[in-house]
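Asks: Prediction below, plus the sequence it came from.
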Amino acid sequence: MTSQNSQNSLTETQREAAEMLANPEFAALTLSSLAGMLGIDRRTLYNWRKLPEFQKYVDSIRKTIFENQRKAVDAKLFEKAKDGDVAAMKLFYELGGFLVVAKGDEQELDGFKIVIERAEKPKPDQAQKETE
């Protein structure tokens, strides 16, 4: 069942509830609060969350929100890293595959023990040998 089919099998109130649950702006609210805003019992909302088609719709909305915001978040992370924010630098390098936490010859940077290495892709014949 596609997310479009999942969406079509839900009632309008279920779709609204799924959209609220997926939206980070509502993340701090309790199920009781969300249910009150929707005019339903919290147990109803709790039970809807167990429905596969409901969960698929929530997941598809979360994925869309993530994809729509990723470039902006990556750009802010990059700016913070360039400005010297050590935690942002660490995350930037981790996400890029260039930060390897290793034992042995470690360097310390603001409390992080790190070894920065360039991520190398194995040669095609080497990758096949490793999987055998």
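Replies: Structure received.
Asks: Okay, strands next: where are they in the protein?
Replies: With DSSP state E as the criterion, the chain has strands at 99-100, 107-109, 112-116.
Asks: Residue 62 against residue 19, yeah?
Replies: No. With contact defined as CB atoms under 8 Å, residue 62 does not reach residue 19; the gap is 10.3 Å. Using the backbone N, CA and C atoms, a C-beta is placed for each residue, glycine as well.
Asks: Map the structural domains onto the sequence of this protein.
Replies: Partitioning the chain according to automatic domain parsing yields domains covering residues 1-69, 84-120.
Asks: Compare the ones you listed and say which comes out lowest on pLDDT.
Replies: Note on the domains of the chain: lowest mean pLDDT is at domain 84-120, with a mean of 68.
Asks: Please enumerate the helices of the chain.
Replies: 3-8, 12-22, 31-38, 42-48, 52-82, 86-96, 124-131 (DSSP state H).
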